[in-house]
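Engineer: Return a 3D structure for these sequence lines:
(2 chains)
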Amino acid sequence: MKLSSRLVAGVTGAVLLGPLLSSSVAAQQEWRTVTAQRQRQPVDTLHVRMLYGAGKLQLGAAPDSLLYDLRERFDAVRTRETHRYDAATRTLTVGSDSAVTRMFSLRKRALHTSGDESGQGSDLAVGLATGIPLDLDLELGATESTIDLSKLSVSRLELNVAASAASVTFGTVNPVEMRELDLRTAAAGVDVRQLGNARAQVVHVNTGVGSVTLDLSGDWTGRMTLDVHPVLGQVTIRVPADVGVESHLTKLIGNVDQAGFTRKDGVAYSANFSSAKRTIVVNGAATLASVAIQWE
Amino acid sequence: MRYLDLVSSLLLIGAASPALAQQAQGASDSTTAVQAQGAKASTAAVQAPSAAVVRAWTDSLARDPNGLKLSAADVHAGPLSVKQGDTVHGSIAAWRGNLDVSGTVQGDAVAVNGDVVLHPGALVQGDVVAVGGEVRNEGGKVSGETRTLSALSMGAVGSAVTATPRQVTRRSISLAVAWYLLLVVIGLPVVLFARPKLEAVTERIRNDFSRAFLFGVVGQILIIPALVAICVALAITLVGILVIPFAVVAFVLAVLGALALGFLAMAYVTGDAVMRARGAAPPYGPPPVFQFLLIGLSIFLVLWVLGGAFMWAGVLGGILRFIAAIITWVAVTVGFGATLATRGGTRVMRTATLPVALPVEEETSWQTPTPVSGVTAARRPTPPPRQRHP
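Structural biologist: Here you go, the predicted structure:
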């Protein structure tokens, strides 16, 4: 009986450990690099749909002669990055070729973080044409993203970030007015720099369990509206000294830090609001979250 | 312990075999077609690839998310050039050589293990792709996309190269382990809740192995005809047509259940036999059914792991897998036959031994018949006195 029990335990243990050992012994990385460029074509708007679930992302301006410029490096064992361009709809789609692949990619990345920490992870560099209005729809998960929209003409930006760190920079004034800027984050840290250059009339920010920093510096005039809804998170709004602020923020078991503001009819105004040449209106509610308006 | 060591060693061989398979893959030339590794084109004469290799490679290229569809007829060995003023009606691909384009290509321009060079005045109306090389645009125009791929990401789907040995090995071992775990999961409730049925089937296997095998073969042959007959019978009644889908599902479940119960019984018998041969079975008391079941299943698992572990070894792997398949089929067939013979374990086999005829003793047999006139009473038998040991 003793031998029998040992045998059963040994066999069962070996069977359960076998695949694990097998995967670790045979764990292999098959790195691939793919580059793709398309020469510049006369298009009225370039739509970009991106779903990137693992690695480092860099998005910026492409060389003048190109419509887009992609440079990918990925482990073909874990994930299959893909892209396609539909000339009829002028839509560039970039990302993993299936949700299943993406899921496994994320799972395996979690098991092999040491390789990623040493800079051996996947990365994707995307260059987009300058001078062509861009309609950007970016979904990023478990990534470290640097999105530099300087020199680009962004007519719409929807950015969904989950479990990631991302920085978005508008280094130069957006040549076109942005119809909509929608920022949704979950368990992410997002830093938006020089948002004033975006020329967005309305900025929507929805964040959950994370932090978002909005730097409103930049070259802009007139009136901008911020619609902010943090839940279990933190939103910091950095405002240039010459900008007047009209705040309609409410809170539900949260905190709204707007020191130096004066209240009138339930609306908080900054001290310089009446004399300011450019103003922002902040709407929204902080639910179990905090919103801070800071002056630069 | 030696047996345990042997089983563990075999499983470890299975665990390490993908690495061995990978080494074998590295030595194999058959996969070079789908994994171009950046070699530059040679100006020397390049041997034309076989049709199977080209087909496998074009399949892989078509399946690659960043690839494209290419006809095998468009692939040419060695360096190629499209001179100024020339027009290629369709696509063109250079195999292990550079593709120099100065003219017009109305389709795609591709180089495998070589560069695509677009000279001034060149026009490619499709895509320009370099696998294992680079695209150098020195003034040409591309209507489509320009891509470079360090290697293909996908394996071939063609008959020449279906998958890498490492992939096949890992898949085989994973499949064997998955089946083992599934049968263990099924076996546990069978032992807990249907142990009498399992033992009835087991008894049939032990006592009538050859007939169980015969029943199993006949049963397997009759599965499809029986299903058809049931459907026809239901269809004849018209009302039964509505029941046909449910009947089909019920029939399939019943067959699967019979196969599973039979194989578990066979695994139990195997485990029991192995442990008895080693003298490790308990001499008295109820047998440890689940342990015997696990041991039996483990033996079948080892067979399949061995077969899978040596997939990279070519013929040897094939022989091992064939042996495993034959043994498993016999086990399944015998178990299935025994399950049918016992009607799913509900009919216990009658033993062939004749009942022992015991002397009939009546309660009053010790009495002496008493005549009416009367006799002296007989003495009632008593058990003999116990012998006392010193």
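Engineer: any idea how far residue B:100 lies from chain A?
Structural biologist: 19 Å (C-beta to the nearest C-beta, to the nearest Å). Just so you know, the C-beta spots here come from the backbone N, C-alpha and C atoms, and that holds for glycine as well.
Engineer: Show me the shaky parts of chain A.
Structural biologist: A:1-28, A:96-120 (pLDDT under 70).
Engineer: most centrally placed residue in it?
Structural biologist: residue A:161 (4.3 Å; C-alpha atoms, centre = their mean).
Engineer: Is that one in contact with residue A:191, as I believe?
Structural biologist: No. Using C-beta atoms under 8 Å, residue A:161 is not in contact with residue A:191, being 10.8 Å away.
Engineer: What is the end-to-end distance of stretch A:213-221?
Structural biologist: Start-to-end span of stretch A:213-221 (C-alpha to C-alpha, to the nearest Å) is 21 Å.
Engineer: May I ask you to name the longest helix in chain B?
Structural biologist: helix B:244-277 (DSSP state H).
Engineer: Now do that one: distance to the chain's middle.
Structural biologist: Put simply, helix B:244-277 sits 17 Å off its chain's centre (C-alpha atoms, centre = their mean, to the nearest Å).
Engineer: Output stretch A:50-67 in CSV, but only the C-alpha positions, please.
Structural biologist: Taking C-alpha atoms only, stretch A:50-67 is exported to CSV below (Å, rounded to 0.1, in the frame of the first residue of the first chain):
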residue,chain,number,x,y,z
MET,A,50,-4.9,50.4,-32.7
LEU,A,51,-5.3,47.6,-30.3
TYR,A,52,-2.0,47.0,-28.6
GLY,A,53,-1.8,44.7,-25.7
ALA,A,54,1.8,44.1,-24.7
GLY,A,55,5.1,46.0,-25.0
LYS,A,56,6.3,49.4,-25.5
LEU,A,57,4.6,51.8,-27.9
GLN,A,58,5.9,54.9,-29.5
LEU,A,59,3.7,56.9,-31.7
GLY,A,60,4.8,60.0,-33.5
ALA,A,61,5.2,61.7,-36.9
ALA,A,62,6.4,59.7,-39.9
PRO,A,63,8.8,61.0,-42.5
ASP,A,64,7.3,63.5,-44.9
SER,A,65,7.2,61.0,-47.8
LEU,A,66,5.2,58.4,-45.9
LEU,A,67,1.5,57.9,-45.0
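Engineer: when you scan it, is anything in it near chain B?
Structural biologist: No. Judged by C-beta under 8 Å from any C-beta of the partner chain, stretch A:50-67 stays clear of chain B, getting no closer than 9.1 Å.
Engineer: Quick check: buried residues in that stretch?
Structural biologist: By neighbour count on 16 or more other C-beta atoms under 10 Å in any protein chain shown, the buried set for stretch A:50-67 is A:50-57, A:59-62, A:66-67.
Engineer: In helices only, show me these.
Structural biologist: Among these, no member falls in helices (criterion: DSSP H).
Engineer: Filter these down to just the ones in strands.
Structural biologist: A:50, A:51, A:52, A:55, A:56, A:57, A:59, A:60, A:61, A:66, A:67 (DSSP state E).
Engineer: my read: the second one touches residue A:82, true?
Structural biologist: This means residue A:51. No. If you go by C-beta under 8 Å, residue A:51 and residue A:82 don't touch, sitting 10.0 Å apart.
Engineer: In a helix, residue B:287, correct?
Structural biologist: No. Assessed with DSSP: H, G, I helix; E, B strand; the rest coil, residue B:287 is coil; it does not lie in a helix.
Engineer: What is the neighbour count of it?
Structural biologist: Around residue B:287 there are 16 other residues, counting by other C-beta atoms under 10 Å in any protein chain shown.
Engineer: Show the contacting residues for the residue nearest the centre of chain B.
Structural biologist: Note on chain B: the residue nearest the mean C-alpha position is residue B:175, at 5.4 Å, using C-alpha atoms, centre = their mean. Contacts of residue B:175 were listed using C-beta atoms under 8 Å, 6 or more residues apart in numbering or on different chains, and they are B:304, B:308.
Engineer: same thing but 6 Å
Structural biologist: Applying C-beta atoms under 6 Å, 6 or more residues apart in numbering or on different chains, we find residue B:175 in contact with no residue.
Engineer: now residue B:66, what's its secondary structure?
Structural biologist: coil.
Engineer: Contacts only, for it.
Structural biologist: Residue B:66 sits in contact with A:34, B:149, where contact means C-beta under 6 Å, 6+ apart.
Engineer: what separates stretch B:268-278 from the chain centre, distance-wise?
Structural biologist: The chain centre lies 25 Å from the centre of stretch B:268-278; the measure is C-alpha atoms, centre = their mean.
Engineer: ok, now stretch A:257-276?
Structural biologist: For stretch A:257-276 - counting by C-alpha atoms, centre = their mean - the centre lies 31 Å from the chain centre.
Engineer: Show me what counts as buried in it.
Structural biologist: A:258, A:261, A:268, A:269, A:270, A:272, A:273, A:276.
Engineer: And the third one, how far from chain B?
Structural biologist: From residue A:268 over to chain B the distance is 52 Å, taken as C-beta to the nearest C-beta.
Engineer: what do you get for the fifth one?
Structural biologist: With distances taken as C-beta to the nearest C-beta, residue A:270 is found 51 Å from chain B.
Engineer: what residues are up against that residue?
Structural biologist: A:244, A:245, A:261.
Engineer: Look up the closest residue to it, ignoring the ones flanking it.
Structural biologist: residue A:245 (4.1 Å; C-beta to C-beta, 6 or more residues apart in numbering or on different chains).
Engineer: what's the answer for the last one, then?
Structural biologist: The shortest distance from residue A:276 to any residue other than its chain neighbours is 3.0 Å, reached at residue A:244 (C-beta to C-beta, 6+ apart).
Engineer: again, but for residue A:192
Structural biologist: Among residues not flanking residue A:192 along the chain, residue A:168 sits closest, at 4.7 Å (C-beta to C-beta, 6+ apart).
Engineer: so can I have a markdown table of the buried residues of stretch A:257-276 showing secondary structure?
Structural biologist: Shown next, in a markdown table, are those (three-state DSSP):
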| residue | secondary structure |
| --- | --- |
| A:258 | coil |
| A:261 | coil |
| A:268 | strand |
| A:269 | strand |
| A:270 | coil |
| A:272 | coil |
| A:273 | coil |
| A:276 | coil |
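Engineer: Serialize the residues you listed to JSON lines and add fields for distance to residue A:282.
Structural biologist: Shown next, in JSON lines, are the buried residues of stretch A:257-276 (distance: C-beta to C-beta, whole Å):
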{"residue": "A:258", "distance to residue A:282": "9"}
{"residue": "A:261", "distance to residue A:282": "10"}
{"residue": "A:268", "distance to residue A:282": "9"}
{"residue": "A:269", "distance to residue A:282": "11"}
{"residue": "A:270", "distance to residue A:282": "10"}
{"residue": "A:272", "distance to residue A:282": "15"}
{"residue": "A:273", "distance to residue A:282": "12"}
{"residue": "A:276", "distance to residue A:282": "14"}
